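Participant: Sequence and predicted structure below; questions after.
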Amino acid sequence: MVVLLLLGLAYGVARWYQDTEPPQQMGVSFIPDYASSLGLDPQTTMTALENIGVRDFRLVSYWNDIEPTKGKYDFSQLDWEFASANASHSKVLLVVGLRQPRWPECHAPDWVNTQQPTSDWLPQLEQFMTSVINRYKNNPALSGWQLENEYFNNFGQCYNYSRQRLVSEYNLVKRLDPNHPILVPRSNNYPNLQLDQPRPDIAGLEIYHSVWAPLLNRHFTYPMPSWYYSFLAGATKIITGRDSIIHEAQAEPWPAPGQALIDLSLAQQQKLLSANQLKQYFSFAKTTKIPKVYWWGAEYWYYRKVKLHDPSLWNVAAQEFKP
């Protein structure tokens, strides 16, 4: 009986949230390194996304790409992305910090050893973050910052999960730019109201459907209905007053360990993600009514189109982003 009452309460919160939120906006995560790994030209790929109507980008600032040599910065690629966003009247959520989207998750340059005590390298990280923030904080395209990426998730080549470091980085971003909101995402699909410090301006949720489950040694489909995510966002709003967004919504396949997507045949890739499945993913996210969704895997849609001559995913996305 208690379980039924709790489920009823959660569903009620979800329905209240769905009925009170503004119309949903969609964007994509875009990572030039991932585009390159798929054999794509990053700039051509981002332009193609703009051409189908994408006007909101979640971009990265990998430390190892921008400061490969200590004290020598190369902002050329990220500068181009911001210039392209401005030209297309798009907005940018920029990820800052050590842990950012895509493997190996933590993107330290070779001259930094993050397995050493935090005091040995945190000053260098915060100096790098300062350079990034000061460079883009007044850019018209900037809509906000994402601090780290699912910071407490132990997936990837990361070695430090100190809350103290996260708080220090949050305070740095807020001090350098008090005018833009800061998103700190949750990890995985689990409930978490983010009541500990730092308390972000915006809470992040992610939606993954089909993932590889090591314990089961097979793919696993999360059973949560769409209203579950509405409940998380609604509960967060009621208890903390903060808005939520979906910072990652799955829109690409998750291959088994040891498999690279580009090594799989088109038929194998279609089994992992078909056009019909992608349509269902879009529909699922829409029913949450969470006001902003960043889709994960936009580079892959373009790869399927231009490298495998299968435009099916691209056509679905183009229809969804059609102005």
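Facilitator: Received the coordinates, thanks. Numbers count the residues shown, from 1 in each chain.
Participant: mind listing the helices for the chain?
Facilitator: Counting by DSSP state H, residue ranges of the helices within the chain are 2-20, 32-37, 42-51, 63-66, 76-87, 118-136, 163-176, 226-240, 266-272, 275-288, 298-306, 312-321.
Participant: Switch these over to TSV; also include mean pLDDT.
Facilitator: Conversion of those to TSV gives the following (pLDDT from 0 to 100):
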stretch	mean pLDDT
helix 2-20	90
helix 32-37	98
helix 42-51	98
helix 63-66	98
helix 76-87	98
helix 118-136	97
helix 163-176	97
helix 226-240	94
helix 266-272	96
helix 275-288	98
helix 298-306	98
helix 312-321	98
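Participant: By residue count, which strand of this protein is the longest?
Facilitator: Ranked by residue count, the top strand of the chain under DSSP state E comes out as strand 243-250.
Participant: Any figure for the gap between Tyr136 and Tyr222?
Facilitator: Remark: distance between Tyr136 and Tyr222 (C-beta to C-beta, to the nearest Å) = 34 Å. Just so you know, the C-beta spots here come from the backbone N, C-alpha and C atoms, and that holds for glycine as well.
Participant: likewise Ala141?
Facilitator: Looking at Ala141 against Tyr222, where the rule is C-beta to C-beta, the gap reads 33 Å.
Participant: These two: which is more packed in?
Facilitator: Ala141 (20 against 14; other C-beta atoms under 10 Å).
Participant: Was I right to think that one contacts Asp79?
Facilitator: No. With contact defined as C-beta atoms under 8 Å, Ala141 and Asp79 do not form a contacting pair (11.3 Å).
Participant: so what sits against both of those two?
Facilitator: Both Ala141 and Asp79 lack any common contact, where contact means C-beta atoms under 8 Å, 6 or more residues apart in numbering.
Participant: Pro198 against Tyr170, yeah?
Facilitator: Yes. At 3.6 Å, Pro198 and Tyr170 qualify as touching, with contact defined as C-beta under 8 Å.
Participant: okay, and the common contacts of these two?
Facilitator: Common contact partners of Pro198 and Tyr170 (C-beta under 8 Å, 6+ apart): Leu147, Ile182, Val184.
Participant: my guess is the first one meets Gly97, correct?
Facilitator: To tie it back to what came earlier, the one meant is Leu147. Yes. At 5.5 Å, Leu147 counts as touching Gly97 under the criterion of C-beta under 8 Å.
Participant: Give me the more crowded residue out of these two.
Facilitator: Of the pair Leu147 and Gly97, Gly97 is the one with more neighbours under other C-beta under 10 Å, namely 27 against 23.
Participant: What helices and strands are in contact with the longest strand of the chain?
Facilitator: strand 182-185, strand 202-207, helix 226-240, helix 275-288, strand 292-296 (3 or more C-beta pairs under 8 Å, 6 or more residues apart in numbering; DSSP states H and E).
Participant: Recalculate using a threshold of 6 Å.
Facilitator: strand 202-207, strand 292-296 (3 or more C-beta pairs under 6 Å, 6 or more residues apart in numbering; DSSP states H and E).
Participant: nearest to Pro23, of these?
Facilitator: Among the helices and strands packed on strand 243-250, strand 292-296 comes nearest to Pro23, with 10.4 Å by C-beta to C-beta.
Participant: Can you show me the CA trace of the closest one as CSV?
Facilitator: Output in CSV follows, covering the C-alpha atoms of strand 292-296 (Å, rounded to 0.1, in the frame of the first residue of the first chain):
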residue,chain,number,x,y,z
LYS,A,292,15.3,21.5,-23.0
VAL,A,293,16.8,18.4,-24.4
TYR,A,294,20.3,17.9,-25.8
TRP,A,295,20.5,14.9,-28.1
TRP,A,296,23.5,12.6,-27.8
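Participant: Quick one: mean pLDDT for that strand?
Facilitator: Strand 292-296 shows a mean pLDDT of 98 in the predicted model.
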